[in-house]
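> Predicted structure and sequence below. I'll ask about it afterward.
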There are 2 protein chains.
Amino acid sequence: MSESDEVTTSCKRGARREEKRAKIVQVAQRHFTEHGFGNTTMSAIAADLGGSKTTLWSYFSSKEDLFAAALDDWIDRVKPVFDVQREGTLQETLNRYGCEFLRQMLSPQIQTLFRLMIAEGQRFPKMGHIFYERAPLRRQKALACYLEWEMAEGNFRKVDGLRASAQFHHLCFYRLFMHSMWGLEPDTSPAAIRSEVEEAVEMFLFGYATGQQHPA
Amino acid sequence: MSESDEVTTSCKRGARREEKRAKIVQVAQRHFTEHGFGNTTMSAIAADLGGSKTTLWSYFSSKEDLFAAALDDWIDRVKPVFDVQREGTLQETLNRYGCEFLRQMLSPQIQTLFRLMIAEGQRFPKMGHIFYERAPLRRQKALACYLEWEMAEGNFRKVDGLRASAQFHHLCFYRLFMHSMWGLEPDTSPAAIRSEVEEAVEMFLFGYATGQQHPA
DNA sequence: CACTCATCGTACTCTCCAGTACGATTACCT
DNA sequence: AGGTAATCGTACTGGAGAGTACGATGAGTG
């Protein structure tokens, strides 16, 4: 967004400006993610920076501008391990991947990000798209890719890989995740995570019906 | 909460007070669910009521008080059709139930309720518990009851009914629901709903693995 | 009728906070 | 050195909105 503004005539000035901007965004991020949009004040950010408000406004012309920049940067930074380590059976791989995924989703950072996206989503319609494409969709594509490989190997029914991938993610995380969002303080120990994911994987692969075969 | 305060010495006065209170809560509810907590003003509620601000504060001593009351009442009122109509096969029943469920979840009211729960959840820690028990949990129990019946009939693997129920609900609604939350404006036509639920049901019952039987 | 409680309207205080004005200071650049 | 951009601190404006004060008007009760 701000790299290619124009050829920076001076070197140190331009560099400092970038640095400062980054620092502002970083501080703003902390405030926004700790208190949300409404309860964060520009004055507090300026004070925290040690600088003056004037300077703040010379970088971002409004609070919403700053928020957008902070969220942008945050989303860029949230690049958790999307990789699917293809070791062992399909079942083993899904278990391993699922546990790692769920563990990440239960981290405070991700919780806060979701909370912000949902709470302020109305105010920034574009944010939703950006967020969705960079985080959940990217994830789902990565797993879909793996699932399609397993389809080719003959270990997985031939279905829409992306949808199956989304289904798997939802199965793994929404129960504990939403409980956590609602303040129910669910058990998020490694053992609980493992159990949650195991149930999901088993159902995902084998289903619950008895005495019948796949319709397809 | 306010029924058993004390024996109302006068009859008409007490009755009117209850009525008025209910009306206030109702109006407040509309405002809160339409604009959220932060963007709702007490003055607007008073104006909408036709009454004066003084009266408002004679019923609720603060904005947060009123919000709590409104949410309380709302949660009481959210009693969508939890019943599972047991007609046709397991598959048919799940499809019918799932579609109705998803349809309800995509309504603006439910969306807003979730948004409020998540956004203001920090401010009202108790709310999360109340909400969870009255809405999602109640739902999941209703379906779990049906699933356990199907287990007894031999059509469903013998597993934890509540967890399976939760899994089914999550499979059905989270994809479209969250897309809608993020402002992605997904297709929510009856056809799209049907398709989403069909995929969920099929996976739920039969799984995706090929060439193997249930491990249990 | 006398009394009381609820309500009303209006105008007010108080606080918080985004955003601005302005003059002074400190880098950097040529 | 002299010019220029960025920065600083402080004090201000302006608006929004929670909550209050107060005097007036009814309606219900005894």
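Nice, thanks for sending it over.
> quick one, phi/psi of residue A:156?
With angles defined as degrees, to the nearest 10, residue A:156 sits at phi -140, psi 140.
> With the one 3 residues further on instead?
Taking degrees, to the nearest 10, you get phi -140, psi -180 for the backbone angles of residue A:159.
> chain center to the lengthiest helix in chain A, what's the gap?
In chain A, with assignment by DSSP state H, the single longest helix is helix A:12-35. Its chain's average C-alpha position is 21 Å from that of helix A:12-35, according to Cα atoms, centre = their mean, to the nearest Å.
> could you say what helices and strands that helix packs with?
Secondary-structure packing of helix A:12-35 (3 or more Cβ pairs under 8 Å, 6 or more residues apart in numbering or on different chains; DSSP states H and E): helix A:42-49, helix A:53-59, helix A:63-77, helix A:108-119. (Glycine included, C-beta is placed from N, CA and C.)
> Now the weakest link among these, please, by mean pLDDT.
For the helices and strands packed on helix A:12-35, the weakest mean pLDDT is recorded on helix A:108-119, namely a mean of 87.
> Pull that one out as PDB, backbone CA atoms only.
The C-alpha trace of helix A:108-119 is given here as PDB (Å, rounded to 0.1, in the frame of the first residue of the first chain):
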ATOM      1  CA  PRO A 108      -5.800 -15.700  22.300                       C
ATOM      2  CA  GLN A 109      -4.600 -13.900  19.100                       C
ATOM      3  CA  ILE A 110      -6.900 -15.800  16.800                       C
ATOM      4  CA  GLN A 111      -9.800 -15.500  19.200                       C
ATOM      5  CA  THR A 112      -9.300 -11.700  19.300                       C
ATOM      6  CA  LEU A 113      -9.000 -11.500  15.600                       C
ATOM      7  CA  PHE A 114     -12.300 -13.300  15.100                       C
ATOM      8  CA  ARG A 115     -14.000 -11.200  17.700                       C
ATOM      9  CA  LEU A 116     -12.800  -8.000  16.000                       C
ATOM     10  CA  MET A 117     -13.900  -9.300  12.600                       C
ATOM     11  CA  ILE A 118     -17.300 -10.100  13.800                       C
ATOM     12  CA  ALA A 119     -17.800  -7.000  16.000                       C
END
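> Mind listing what's buried along the helix or strand that it is followed by?
Heading C-terminal from helix A:108-119, the first helix or strand you meet, by DSSP states H and E, is helix A:125-134. Residues of helix A:125-134 classed as buried: A:127-128, A:130-132 (neighbour count, 16 or more other Cβ atoms under 10 Å in any protein chain shown).
> now check helix A:125-134, is it near chain B?
Yes. Applying Cβ under 8 Å from any Cβ of the partner chain, one finds helix A:125-134 touching chain B at A:125, A:127-129, A:131-132.
> out of these, which touch DNA strand D?
Taking Cβ under 7 Å from any atom of the strand as the test, DNA strand D is in contact with none of the residues of helix A:125-134 next to chain B.
> Give the closest residue to the residue sitting nearest the centre point of chain A in space, chain neighbours not counted.
The residue lying closest to the centre of chain A (Cα atoms, centre = their mean) is residue A:135, at 4.6 Å. Take residue A:135 and drop its neighbours on the chain: the residue closest to it by Cβ to Cβ, 6 or more residues apart in numbering or on different chains is residue A:78, 6.1 Å away.
> The one you found against residue A:139, yeah?
No. Using Cβ atoms under 8 Å, residue A:78 makes no contact with residue A:139, being 10.6 Å away.
> which one of the residues of helix A:125-134 next to chain B sits closest to residue B:43?
Nearest to residue B:43 among those, counting by Cβ to Cβ, is residue A:125 at 27.8 Å.
> Is that closest one in contact with residue B:184, as I believe?
No. In this structure, residue A:125 is not within contact of residue B:184 by Cβ under 8 Å, at 9.7 Å.
> Got the confidence number for the closest residue to DNA strand D within chain A?
Proximity of chain A to DNA strand D (Cβ to the nearest atom of the strand) peaks at residue A:51, 2.7 Å away. Residue A:51 is assigned a predicted lDDT (pLDDT) of 89.
> Assign it to helix, strand or coil.
Following DSSP: H, G, I helix; E, B strand; the rest coil, we place residue A:51 in the coil state.
> tell me the domain ranges of chain A?
Domain assignment for chain A by automatic domain parsing gives A:12-76, A:81-206.
> Highest mean neighbour count out of those?
Ranked by mean neighbour count under mean count of other Cβ atoms under 10 Å in any protein chain shown, the domains of chain A are led by domain A:81-206, which reaches a mean of 18.
> any chance of the helices and strands packed on helix A:12-35 in JSON lines, plus distance to residue B:198?
Output for these, formatted as JSON lines (distance: least, Cβ to Cβ, whole Å):
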{"stretch": "helix A:42-49", "distance to residue B:198": "49"}
{"stretch": "helix A:53-59", "distance to residue B:198": "51"}
{"stretch": "helix A:63-77", "distance to residue B:198": "33"}
{"stretch": "helix A:108-119", "distance to residue B:198": "28"}
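> Distance to DNA strand C added to the ones you listed, as a markdown table?
Formatted as a markdown table, those follow (distance: least, Cβ to the nearest atom of the strand, whole Å):
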| stretch | distance to DNA strand C |
| --- | --- |
| helix A:42-49 | 4 |
| helix A:53-59 | 4 |
| helix A:63-77 | 4 |
| helix A:108-119 | 15 |
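> could those be laid out in TSV, adding distance to chain B?
Formatted as TSV, the helices and strands packed on helix A:12-35 follow (distance: least, Cβ to the nearest Cβ, whole Å):
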stretch	distance to chain B
helix A:42-49	16
helix A:53-59	22
helix A:63-77	12
helix A:108-119	4
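> Which one, of those, ends up nearest to residue B:71?
With Cβ to Cβ as the measure, helix A:108-119 is the member of these nearest residue B:71 (15.6 Å).
> got the contact list for that closest one?
A:32-34, A:36-37, A:71, A:74-75, A:78, A:104, A:127-128, A:131, A:177, A:180-181, B:36, B:114-115, B:118-119, B:121, B:181-182 (Cβ atoms under 8 Å, 6 or more residues apart in numbering or on different chains).
> still on that earlier bit, and the contacts of the longest helix of chain A?
So helix A:12-35 is contacted by A:2, A:8, A:40, A:44-45, A:48-49, A:55-56, A:59-60, A:66-67, A:69-71, A:73-74, A:109, A:112-113, A:116 (Cβ under 8 Å, 6+ apart).
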